[in-house]
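Student: Provided below for reference: sequence and predicted model.
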There are 2 protein chains.
Amino acid sequence: MSDCYAVIMAGGSGTRFWPLSRRSRPKQVLALGGEEPLLAATVRRIAPIVPPERTLIVTAEHLADAIGALLPDVPTENILAEPTGRNTAPCIGWAAAHVRRRDPDGVIAVLPSDHHIGDEPRFVEILRRSLTAAEGGDVVTIGIEPTRPETGYGYIEVGEPVAPGVHRALAFLEKPSRDRAEQLLAGGTHVWNSGMFFFRVGVILEAIDEHLPALSEGLRQLDVAAALGNEPAEVRRIYGQLPSVSIDHGVMEKAKRVLVVPGRFGWSDLGSWTTAWELEERDASDNGVTPDTIAVDARGCYVRTSEKKIVALVGVRDLIVVDTEDALLVVPRDRAQDVRDVVAILAGRKDDRY
Amino acid sequence: MSDCYAVIMAGGSGTRFWPLSRRSRPKQVLALGGEEPLLAATVRRIAPIVPPERTLIVTAEHLADAIGALLPDVPTENILAEPTGRNTAPCIGWAAAHVRRRDPDGVIAVLPSDHHIGDEPRFVEILRRSLTAAEGGDVVTIGIEPTRPETGYGYIEVGEPVAPGVHRALAFLEKPSRDRAEQLLAGGTHVWNSGMFFFRVGVILEAIDEHLPALSEGLRQLDVAAALGNEPAEVRRIYGQLPSVSIDHGVMEKAKRVLVVPGRFGWSDLGSWTTAWELEERDASDNGVTPDTIAVDARGCYVRTSEKKIVALVGVRDLIVVDTEDALLVVPRDRAQDVRDVVAILAGRKDDRY
């Protein structure tokens, strides 16, 4: 088996977890649905297969120091700081270029940094299967077996098996309507797109050469700069001009053959406070609250405070309450996505404090 | 006109305004529905008629210092500290005994310390009329002309006039049912019991002699102790044994003739956070919120924070949110009375912090 590398994408801004998440403290560095920051959990989870020395983190420049501190076992040179976010294709391409300089035969696992995984042994098994499948030269993705007609995710159509637990991916579908999502769930032949990809380093870089020539040229310039010892300056100079395109659109959908490894391992993309409530241990009244919460006739609520504070909920239903030192959010559970509107308003005020 | 004295009852614990109100910081020392602490507003409002030197404050021992600091113009000896609360009759009786020692012909206005009054000039007019009526030797009360079928107040039946704007009070009614409250409002002959009473000092003390002999005896002991210069010790010794009875039950309902002065002057007893919302300046969406609140599709909400804090309300209706340094309350507007349950739970925990 070739050496495996992980590329963890950790540049997200996490606006949906405001006020806990901030520009300088996005979702991936927070502990949501557990005690451990999501990014640290991601690195730890894969360690049985990919040790921290072969784990690369791609993140935003202003987060690099905090992330370095969060991951003492990951070498500093493995933390790649993007001067500006250009979607996933440049991020993955740049990381793949790094891997190639070290090991042209490496197999890469591309993983999001901010997901929750409940059944870790099962996940590690699926991860191993996916990497093995990618060794053969195919592009591989993990598909989550759906448990509900979710309209917030993309779907993958699962075709015939090519190996035990490994199938052809027949099509990538955008986020469906509610009706369509129910059909997909009932049909039993579609899985959720997990955003986890696996490929040989040569395979992804050749696909970029073929489908994204501007990115390919940028990566070549970075390789040259790296050979001359001044990659950081070159990154700052050219990164903002790389094409902003997702790996899904730019490469995956154009690849000749993509394989999918279906699995179910307590996965959640932690898309909003509602999913944080779902993962929280809840009491008999379905409240997921701090020990210092007094709930009087309150049901289905989620409370999170970052300080020692008594919270009293009286006669409320299905409410999310998140309190930090300088901000407080109150939103019904089924409106948690709209927290982005608050962040947009704050951004519009150019008020960096929050 | 005889000299007028005010007796302001400021011993309340204000559990319904938790978490802003605490045992050590009850409602009357808070600024609710304005910038000014309610007790300070009460003293200031009556000053055109009763100067601070003739204003007595009866409060709980543990609040006396804070109240002294709040009212620099009120002489320290005018602040009477009850070692334990014994309802209104002992409180008023003790204060009346104090007044008698200074001025046996004094006329006393007994006033709550924690009400809001919107139209102060009109209130001063009604106050003057009430004191004048009490000079004649009657017990006088102010009745608030009702604006809604309120079930939270007692009512007074208004009889024939005995002077311009002064009527016989025919009956004192307990808090009515909703149906009964609607009848009372429609009938037009009932007013709300404001809890403000006026009488000559001799009149109230004779009524206590007649109807509450145990209290009468206690007040005599206090007078003796005061003459010997050790009233505070005697208060600590006997106060807890005085009969715990309200002035309404113990005296007013037994008085031969009570007069009522009806009036309307933007009065509110500020009974709960809901009334605080009612008095707050509200925006187009009926929200009474801090300037630092971001309301996205939120209506009819009340927000109060004691610190510099952004509050985001998304998609919520008719909610009260009160945040302090160490406690946070979320309750629907129509459940605001139930905040007492939270205080009871905290008291049961014997946790003095909150």
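Tutor: Cool, the structure landed. Numbering: from 1, shown residues only, chains lettered A, B, ... in the order given.
Student: what about the residue lying closest to A:A31 once chain neighbours are set aside, how many neighbours?
Tutor: On the basis of C-beta to C-beta, 6 or more residues apart in numbering or on different chains, the spatially nearest residue to A:A31 that is not a chain neighbour turns out to be A:P37, at 5.2 Å. All C-beta spots, glycine's among them, are computed from the backbone N, C-alpha and C. A count of neighbours around A:P37, defined by other C-beta atoms under 10 Å in any protein chain shown, yields 21.
Student: repeat for A:L222
Tutor: A:L222 - counted by other C-beta under 10 Å - has 22 other residues nearby.
Student: Correct me if wrong, but it is in a helix.
Tutor: Yes - using DSSP: H, G, I helix; E, B strand; the rest coil, the secondary structure at A:L222 is a helix.
Student: surely it meets A:R237?
Tutor: No - in this structure A:L222 lies outside contact range of A:R237 using C-beta atoms under 8 Å: 10.0 Å.
Student: Give me the three-state assignment for the closest residue to chain B within the stretch 101-250 of chain A.
Tutor: Per C-beta to the nearest C-beta, A:G152 is where the stretch 101-250 of chain A lies closest to chain B, at 17.7 Å. Under three-state DSSP, the three-state class of A:G152 is coil.
Student: ok, now which ones touch it?
Tutor: With contact set as C-beta atoms under 8 Å, 6 or more residues apart in numbering or on different chains, A:G152 has these partners: A:K175, A:G271.
Student: Now it: phi and psi?
Tutor: Main-chain torsions, A:G152, degrees, to the nearest 10: phi -90, psi 0.
Student: Please apply the same query to A:I67.
Tutor: Dihedral angles of A:I67 (phi, psi; degrees, to the nearest 10) stand at phi -70, psi -40.
Student: now A:R299
Tutor: Main-chain dihedrals, A:R299, degrees, to the nearest 10: phi -140, psi 150.
Student: Is there a neighbour count for it? I'd like the number.
Tutor: Applying other C-beta under 10 Å, I find that A:R299 has 16 neighbouring residues.
Student: now A:G118
Tutor: 14.
Student: same check, this time on A:I46
Tutor: A:I46 has 23 neighbours, counted by other C-beta under 10 Å.
Student: Is it correct that it is in contact with A:S113?
Tutor: No - counting by C-beta under 8 Å, A:I46 stays clear of A:S113, with 11.3 Å between them.
Student: Distance of A:R264 relative to B:G315?
Tutor: Between A:R264 and B:G315 the computed distance is 32 Å (C-beta to C-beta, to the nearest Å).
Student: actually A:F197, sorry about that
Tutor: Here the distance between A:F197 and B:G315 works out to 36 Å (C-beta to C-beta).
Student: Which one's more surrounded, these two?
Tutor: A:F197 (25 against 18).
Student: wait, what's in contact with the residue nearest in space to the middle of chain A?
Tutor: Among the residues of chain A, the one closest to the centroid is A:P112, at 2.5 Å (C-alpha atoms, centre = their mean). Neighbour list for A:P112: A:I8, A:M9, A:T42, A:S194, A:G195, A:M196, A:D269 [criterion: C-beta under 8 Å, 6+ apart].
Student: For it, give me phi and psi.
Tutor: Per-residue torsions, A:P112: phi -70, psi 160 (degrees, to the nearest 10).
Student: Which residues does it form beta bridges with?
Tutor: According to DSSP bridges, the partner residues bridging A:P112 are A:M9.
Student: Looking at the contacts of A:P112, state which has the most neighbours.
Tutor: Neighbours here are counted as other C-beta under 10 Å. On that basis the top member of the contacts of A:P112 is A:I8, with 27 neighbours.
Student: before we move on, the earlier item: need the max-distance pair from the contacts of A:P112.
Tutor: A:I8 and A:D269 (14.7 Å; C-beta to C-beta).
Student: so where's chain A uncertain?
Tutor: A:1, A:307, A:350-354 (pLDDT under 70).
Student: how far does the lengthiest strand in it sit from the chain's center?
Tutor: Ranked by residue count under DSSP state E, the longest strand found in chain A is strand A:190-200. On the basis of C-alpha atoms, centre = their mean, to the nearest Å, strand A:190-200 sits 11 Å off its chain's mean C-alpha point.
Student: Direction included, what does it pair up with?
Tutor: According to DSSP bridges, the neighbouring strands of strand A:190-200, each with its direction, are strand A:107-112 (antiparallel), strand A:139-144 (antiparallel), strand A:155-163 (antiparallel).
Student: Check the gap between the residue nearest to A:A31 and chain B for me.
Tutor: Using C-beta to the nearest C-beta, to the nearest Å, one gets 24 Å for the distance from A:P37 to chain B.
Student: residues in contact with that residue?
Tutor: Applying C-beta under 8 Å, 6+ apart, the residues contacting A:P37 are A:Q28, A:V29, A:L30, A:A31, A:L70.
Student: Apply 7 Å and report the result again.
Tutor: A:V29, A:L30, A:A31, A:L70 (C-beta atoms under 7 Å, 6 or more residues apart in numbering or on different chains).
Student: How about the residues of the stretch 201-350 of chain A by chain B?
Tutor: Residues of the stretch 201-350 of chain A lying close to chain B (C-beta under 7 Å from any C-beta of the partner chain) are A:294, A:296, A:309-316, A:319, A:321, A:323, A:326-332, A:335, A:338-339, A:341-342, A:345.
Student: Strands - which of these land there?
Tutor: In strands, defined here by DSSP E, the members of these are A:294, A:296, A:310-314, A:319, A:321, A:323, A:327-332.
Student: which one among those gets closest to B:V162?
Tutor: Proximity of those to B:V162 (C-beta to C-beta) peaks at A:V314, which lies at 46.6 Å.
Student: bridging residues for the closest residue to the closest one other than its chain neighbours?
Tutor: Taking C-beta to C-beta, 6+ apart as the measure, A:V314 lies nearest to B:V331, with 4.0 Å between them; neighbours along the chain are not counted. According to DSSP bridges, the residues that bridge with B:V331 are B:I320.
Student: tell me, how many neighbours does A:G202 end up with?
Tutor: Residues near A:G202, counting by other C-beta under 10 Å: 15.
Student: So what touches the helix or strand it falls within?
Tutor: Using DSSP states H and E, A:G202 maps to helix A:201-211. With contacts defined as C-beta under 7 Å, 6+ apart, helix A:201-211 is touched by A:92-93, A:96, A:99-100, A:104, A:106, A:108, A:137, A:139, A:215-216, A:219, A:250-251, A:254-255.
Student: So for it, what gets flagged as buried?
Tutor: Burial within helix A:201-211, assessed by neighbour count using 16 or more other C-beta atoms under 10 Å in any protein chain shown, is assigned to A:V201, A:V203, A:I204, A:L205, A:A207, A:I208, A:H211.
Student: Could you do stretch A:82-91 as well?
Tutor: Within stretch A:82-91, judged by 16+ other C-beta under 10 Å, the buried ones are A:E82, A:G85, A:R86, A:N87, A:T88, A:A89, A:P90, A:C91.
Student: export these to JSON lines and tack on distance to A:V158 and secondary structure?
Tutor: Output for the buried residues of stretch A:82-91, formatted as JSON lines (distance: C-beta to C-beta, whole Å; DSSP: H, G, I helix; E, B strand; the rest coil):
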{"residue": "A:E82", "distance to A:V158": "33", "secondary structure": "strand"}
{"residue": "A:G85", "distance to A:V158": "31", "secondary structure": "coil"}
{"residue": "A:R86", "distance to A:V158": "31", "secondary structure": "coil"}
{"residue": "A:N87", "distance to A:V158": "26", "secondary structure": "coil"}
{"residue": "A:T88", "distance to A:V158": "22", "secondary structure": "helix"}
{"residue": "A:A89", "distance to A:V158": "24", "secondary structure": "helix"}
{"residue": "A:P90", "distance to A:V158": "29", "secondary structure": "helix"}
{"residue": "A:C91", "distance to A:V158": "27", "secondary structure": "helix"}
